[in-house]
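K.L.:
Turn this into a structure:
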Amino acid sequence: MRFRVLILTLALLGLACAPALAKDGDIERQGTCSGATSAELKLSPENGRIEVEFEVDQNRNGVRWEVTLKRNGAKVATASRTTGGASGSFELRRVVSGGNGDRFTARAVSQSGETCSASATFA
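P.N.:
Residues are numbered from 1 along each chain as shown. Take a look at the predicted model:
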């Protein structure tokens, strides 16, 4: 029981500190999900390009998701991901061309039909 309380406390502290740990120029947006899952989209400058990271945290391992990333409405990536690790999550990361004002959207659909999405504009 004490171990669970310790893990929960550390997780909550990590969430509370997360915005403070973002690098200058990073843009982070919380997504929305149709179930209890959470999602986040992060955009970062990367050597004249844009690093796009979409993370989905379901707290359940072994769930397959189909993921699509778009820039200004055009697909830049599609992939299948399966939740795993200690947090039952996955991440899709791509470095793409783009510039200020580009709008990125990410959408993931699980094998059970749950959806998660997020969007952000690179500034």
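
K.L.:
all contacts plus neighbour counts: C-alpha atoms, from now on.
P.N.:
OK.

K.L.:
Could you tell me the per-residue confidence at residue 48?
P.N.:
pLDDT recorded at residue 48 is 93.

K.L.:
what sits against it?
P.N.:
Contacts for residue 48 were tallied using C-alpha atoms under 8 Å, 6 or more residues apart in numbering; they are residue 97.

K.L.:
shift numbering so it begins at 614
P.N.:
Right, with 614 as the first residue, what we last looked at is residue 661.

K.L.:
That one and residue 710: what is the separation?
P.N.:
Noted for residue 661: a distance of 8 Å to residue 710, by C-alpha to C-alpha, to the nearest Å.

K.L.:
Quick check: neighbours shared by those two?
P.N.:
Overlap of the contact sets of residue 661 and residue 710 (by C-alpha under 8 Å, 6+ apart) is empty.

K.L.:
Could you point out which residue ranges in the protein have low pLDDT?
P.N.:
The model of the chain has pLDDT under 70 over residues 614-637.

K.L.:
Show me where it has its helices.
P.N.:
For the chain, helices defined by DSSP state H occupy the ranges 615-634.

K.L.:
mind listing the strands in this structure by residue range?
P.N.:
640-643, 645-646, 651-659, 662-670, 677-684, 687-695, 702-709, 716-723, 728-734 (DSSP state E).

K.L.:
need these in TSV with mean neighbour count, can you?
P.N.:
Shown next, in TSV, are the strands of the chain (neighbours: other C-alpha atoms under 10 Å):
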stretch	mean neighbour count
strand 640-643	17
strand 645-646	18
strand 651-659	21
strand 662-670	21
strand 677-684	20
strand 687-695	14
strand 702-709	18
strand 716-723	21
strand 728-734	21
